[in-house]
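Have a look; sequence and predicted model below, questions after that.
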Amino acid sequence: MRTHTALRTLAVALFTGATLTVTATGTFAAAAPPTYAEGHGGGGPVRGTVVSRTAVDVRAAPTTHSAVVHRLAPGSRDRIACMVRGQSVNGNPYWYWFTGARGWVSAAFVGRS
């Protein structure tokens, strides 16, 4: 099944909480995901460490139904660029964008520093 670019853009925006604008030609333009600001004002980069005992999947969107784009071993560290609400995992609805892995990781498996 072939998916149109506009539908993919809309789906990603809905999953990530980004906003959409409609251009004059009627196409969608997705805004960047919201920036991470919770409790870290100018104190340097926020890092996340995988605290799971097993490898964690990095996803294309903040849901367990999206494609796996990478896997991270326990203890892996990466820079967190932003946090969004997504599918709840183990009671935690937040997901982090890992810049190095270029994907979303459930906050249920991440410790911040």
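Everything's here; your move.

following the biggest strand by length in the chain, which helix or strand shows up next?
The single longest strand within the chain, with elements called by DSSP state E, is strand 77-89. Using DSSP states H and E, the helix or strand that follows strand 77-89 towards the C-terminus is strand 92-98.

Run through the neighbouring helices and strands of that next one.
Where contact means 3 or more Cβ pairs under 8 Å, 6 or more residues apart in numbering; DSSP states H and E, strand 92-98 is packed against strand 77-89, strand 103-106. Bear in mind the C-beta positions are built from the backbone N, C-alpha and C, glycine included.

could you dump these to JSON lines with mean pLDDT?
Output for the helices and strands packed on strand 92-98, formatted as JSON lines (pLDDT from 0 to 100):
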{"stretch": "strand 77-89", "mean pLDDT": "96"}
{"stretch": "strand 103-106", "mean pLDDT": "97"}
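
Please identify the most buried of those strands.
Comparing the helices and strands packed on strand 92-98 by mean neighbour count (mean count of other Cβ atoms under 10 Å), strand 103-106 comes out on top with a mean of 25.

Would you map the helices across the chain?
Assigned by DSSP state H, the helices in the chain fall at 5-16.

any weak-confidence spans in it?
1-44 (pLDDT under 70).

now do 50
For the chain, the stretches with pLDDT under 50 are 1-7, 9-10, 14, 19-41.

need the contact list for residue 97.
33, 80, 81, 82, 83, 84, 103, 104 (Cβ atoms under 8 Å, 6 or more residues apart in numbering).
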